[in-house]
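K.L.:
Whatever this is, show me its structure:
(one chain, ligands or ions: 2)
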Amino acid sequence: MSSLTPTFHARAERIHREHEVIEQTLADLELNLERMTTHPENGEPAGMVCRSGRELAKVLPPHCKREEEDLHDVVADVSPQLQEFTRLMKEQHQTLMARLNEFVAVLQTFESNPGAPGGREMLIQEGKSLVRDIRRHVATEETELKGFL
Ligand SMILES: [Fe+2]
Ligand SMILES: [Fe+2]
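P.N.:
Ligands and ions are numbered 1, 2, ... in the order given. I've put the predicted structure just below:
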């Protein structure tokens, strides 16, 4: 987009790089959630799940804020379609943040009492569902905003 400034392009590229980091964290999280299922006797995957969950809780909120300011708010002016798309993405941010907070709460409960009935299953179930939804959100942004990133 030639009408957009070099500063915009640099910021958009940063968003793209952050997506790659988030995707990697999601892949690690998914792998260890799977290992928790297949190797229930091994405590290591659960520790890795908690680490990845905390990492996501650290990087996702500032990413979303930056993305809204540096990317969404700028491309929204390009067309009514992009305005609608970015509105939808911001709405999804709210939902994803709430889900992420819930996941961190589940994770903390599990860590404080790993043997509690159902805690382990809850962590796996919530984790897998969160991975799926964040991944879908990031993939949608990458596809729909490909020309900007
Ligand atoms: Fe986003
Ligand atoms: Fe994003």
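K.L.:
show me the contacts for the residue most central in space within the chain.
P.N.:
The centroid of the chain falls nearest to residue 134 when counting by CA atoms, centre = their mean (4.2 Å). Residue 134 sits next to 22, 26, 56, 60, 96, 100 when contact means CB atoms under 8 Å, 6 or more residues apart in numbering. Where C-beta positions appear, they are placed from N, C-alpha and C, glycine not excepted.
K.L.:
between these, which is nearest ligand 2?
P.N.:
residue 22 (7.2 Å; CB to the ion).
K.L.:
near ligand 2, anything from the helix or strand harbouring that closest one?
P.N.:
Assessed by DSSP states H and E, residue 22 sits inside helix 6-38. No. Using CB under 5 Å from the ion, helix 6-38 stays clear of ligand 2, with a minimum separation of 5.6 Å.
K.L.:
Thought residue 144 was touching residue 85, still the case?
P.N.:
Yes. In this structure, residue 85 is within contact of residue 144 by CB atoms under 8 Å, at 5.7 Å.
K.L.:
circling back to that earlier point, export the contacts of residue 134 to TSV and tack on neighbour count?
P.N.:
As requested, these are exported to TSV (neighbours: other CB atoms under 10 Å):
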residue	neighbour count
22	19
26	18
56	24
60	19
96	19
100	19
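K.L.:
Is it correct that residue 25 is in contact with residue 55?
P.N.:
Yes. Checked against CB under 8 Å, the pair residue 25 and residue 55 is within contact range at 5.3 Å.
K.L.:
can you pull out the helices in the protein?
P.N.:
Along the chain, the segments classed as helices by DSSP state H run 6-38, 44-67, 73-75, 80-112, 119-144.
K.L.:
would TSV of those helices with mean pLDDT be doable?
P.N.:
TSV is the format used below for those (pLDDT from 0 to 100):
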stretch	mean pLDDT
helix 6-38	97
helix 44-67	97
helix 73-75	96
helix 80-112	97
helix 119-144	97
